[in-house]
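[1] Predicted structure and sequence below. I'll ask about it afterward.
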Amino acid sequence: MRAIPITVTALAAALLLTACDSGGSDGSGSDTGSKNTDSTACRIDQVGLQVGPANAAPAAGDTGNVPVTLTNQGARCTLDGFPGVTLSAGSASAAVAQDRTGTPRKLTLAKGDTATFTLTYVRGKEGDGKSLAATSLKIGLPGAAAEPRSFTWSYGPVQGKETASDPDASVTAFQQAGD
């Protein structure tokens, strides 16, 4: 009867070892565009990106949502984690935080498959020192060492939490879209 507990213990140890991950993100969002690339990661130059249509915040203090749809135009690839998103105003830029209320899932996209994420922001006051007068939005993909793609930001200034360089905005993890 001694063989069963040893077998169970060995199996549990093997499962524990296979669950270990030598790489990954430190949770800061800095894994996008890092030198540690995943050869199966979706590449920004192999996907189509559509920003909007947005549910723009109409006035200062209001919340707006900007959906982003990604369509794989290349070989099968994976999205694992959060997009890297930066808002820019001239020479000033600010990274958008990850919305950690949802758990990211690893998505595999065949050619033509789509995924989405949402950028949520609080509109700031025009000319306010705590607001970032954003004019562009840069989007990068996790695990791929490529320059982010830029888009025009036309939804007004973004309120800062404490300063303009810390925007009151967040991005969700990727979600599978379509069938």
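    Yes, it's here. These numbers come from a predicted model, not from an experiment. Numbers count the residues shown, from 1 in each chain.
[2] Centre-most residue in the chain?
    P83 (2.0 Å; CA atoms, centre = their mean).
[3] Spit out the contact partners of that one.
    Contact analysis of P83 by CB atoms under 8 Å, 6 or more residues apart in numbering lists T32, V68, F117, I139, G140, L141, P142, V171, F174. In this view, the C-beta of every residue, glycine as well, is placed from N, C-alpha and C.
[4] Next, it: phi, psi?
    Backbone torsions for P83, taken as degrees, to the nearest 10, come to phi -70, psi 150.
[5] Now do the strands in the protein.
    47-51, 63-72, 77-80, 84-89, 92-95, 97-98, 106-109, 114-122, 131-132, 136-140, 149-152, 158-159, 169-171, 175-177 (DSSP state E).
[6] Which of those sits closest to A41?
    Closest approach to A41 among the strands of the chain (CB to CB): strand 77-80, 5.9 Å.
[7] I'd like the distance between R76 and L141.
    Here R76 is placed at a distance of 15 Å from L141 (CB to CB, to the nearest Å).
[8] Please say which of the two ends up with more neighbours.
    Neighbour totals were compared for R76 and L141, and L141 leads with 29 against 12 (other CB atoms under 10 Å).
[9] Quick one: low-confidence residue ranges for this structure.
    For the chain, applying pLDDT under 70 flags the ranges 1-38, 179.
[10] ok so, going back, the residue nearest to the centre of the chain and T40, how far apart?
    Separation of P83 from T40 (CB to CB): 17 Å.
[11] cool, and A133?
    According to CB to CB, A133 stands 38 Å off from T40.
[12] So for the two, which sits in the more crowded spot?
    Set A133 next to T40 and count neighbours by other CB under 10 Å: A133 wins out with 18 against 14.
[13] who's in contact with that one?
    Listed by CB under 8 Å, 6+ apart, the contact partners of A133 are A89, E126, P157.
[14] which of those residues count as buried?
    For the contacts of A133, a burial check counting by 16 or more other CB atoms under 10 Å picks out A89, P157.
[15] JSON lines for the contacts of A133, including distance to A59?
    Supplementary listing: these in JSON lines, determined by distance: CB to CB, whole Å:
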{"residue": "A89", "distance to A59": "19"}
{"residue": "E126", "distance to A59": "11"}
{"residue": "P157", "distance to A59": "11"}
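[16] ok, the contacts of A133 vs D62, which is closest?
    Using CB to CB, P157 is the member of these that lies nearest D62, at 11.9 Å.
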